[in-house]
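Trainee: Quick check, what structure comes out for this input:
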Amino acid sequence: TIIMGSSKSSLLIAVLLLVADNIITTANGLSISRRRYLQWQTTGGCIATAAGTTAALSNPSVAQAANLKSRTEGYAVQHTEREWAYILSGAQYNILRKGGTERQKSSILNTYTTANVGTYTCAGCNTPLFSSADKFSSGTGWPSFSMALQGVEEEELDPIRATLDGKEVRCATCGGHLGDLFNDGWIYRGTSAAKTGKRYCIDGAALIFKPEDGGEDVFGDMPPPNRVIRYEQSMYRDV
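Mentor: Okay, the predicted model is just below:
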């Protein structure tokens, strides 16, 4: 069943798609998951499948619970949760180890463009994940890439679910949660995503930017210039 209508019906659909994982607060005061929020924005808030709505209502954590694979077993880099909590900052730990989602526009890396030449690596194990050449502005408030390096692991989902809901992406070395992959790159005309058809929507705090010219590393859990985001800092590194 497909529901279509005005802005009021769009608002109703957004309410119906409420889920408990990765909560985002919209301008209207609604709290929805990033996956649902981005789908709503992409479709103009006018289209939703009854199956997806039913699943979200019957199981509040359906999007995140879909991937039950351990974030530890089978990965080359492993630590106990206590060790991870010591190594990572609060924001990094929440995303990489708990599968959380940062606030929109809260990472300094969201402001970076292809002009910032370098490599985006995992904040947990320094594995190269994305190239600056594949970064583009999606307007979503999260760092976005049209392509990933070999260090990125994609959740195994059937094509239909992957298209409707997106799929989780992790660091292939430590299992850390990075964000989601959506097959809507074609929407972003004039960008590299339009060519690949993919949009990797990544939490900046899960990344460290390493400039090609050998400059200082830029940690993604730092806020953009002139903006204060209160995060618990790591006991492992000085910031």
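
Trainee: all strands of the chain, in order?
Mentor: 23-25, 31-33, 118-122, 128-131, 135-136, 144-145, 152-154, 167-171, 177-182, 199-202, 207-211, 218-219 (DSSP state E).

Trainee: just checking, what packs against the fifth one?
Mentor: In terms of contacts (3 or more Cβ pairs under 8 Å, 6 or more residues apart in numbering; DSSP states H and E), strand 135-136 is packed against strand 144-145. No exception for glycine: its C-beta is placed from N, CA and C like everyone else's.

Trainee: Please list the outside residues in contact with the strand it packs on.
Mentor: Taking contacts as Cβ atoms under 8 Å, 6 or more residues apart in numbering, the residues outside strand 144-145 that touch it are 120, 130-131, 134-138, 193, 199-202.

Trainee: swap the cut-off to 7 Å and go again
Mentor: With contact meaning Cβ atoms under 7 Å, 6 or more residues apart in numbering, strand 144-145 is reached by Phe130, Asp134, Lys135, Phe136, Ser138, Arg199, Tyr200, Cys201, Ile202.

Trainee: before we move on, what about stretch 186-196?
Mentor: When contacts are defined by Cβ under 7 Å, 6+ apart, stretch 186-196 is touched by residues Thr42, Asp134, Phe136, Ser138, Ser146, Met147, Gly185, Gly197, Arg199.

Trainee: CA atoms of that stretch as CSV?
Mentor: Written as CSV, here are the backbone C-alpha positions of stretch 186-196 (Å, rounded to 0.1, in the frame of the first residue of the first chain):
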residue,chain,number,x,y,z
TRP,A,186,21.3,9.4,-8.6
ILE,A,187,19.4,12.2,-6.9
TYR,A,188,22.5,14.3,-6.4
ARG,A,189,23.0,15.5,-9.9
GLY,A,190,26.4,17.0,-10.7
THR,A,191,28.2,15.0,-8.0
SER,A,192,30.2,11.8,-8.0
ALA,A,193,27.3,10.1,-6.3
ALA,A,194,25.2,10.5,-9.4
LYS,A,195,27.7,8.3,-11.3
THR,A,196,27.9,5.5,-8.7
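
Trainee: Check which residues of that stretch are buried.
Mentor: Applying a neighbour-count criterion of 16 or more other Cβ atoms under 10 Å, the buried positions in stretch 186-196 are Tyr188, Thr191, Ser192, Ala193, Thr196.

Trainee: These into a markdown table, with extra columns for pLDDT and distance to Glu212?
Mentor: Below are the buried residues of stretch 186-196 laid out as a markdown table (pLDDT from 0 to 100; distance: Cβ to Cβ, whole Å):
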| residue | pLDDT | distance to Glu212 |
| --- | --- | --- |
| Tyr188 | 96 | 24 |
| Thr191 | 95 | 21 |
| Ser192 | 96 | 18 |
| Ala193 | 97 | 22 |
| Thr196 | 96 | 22 |
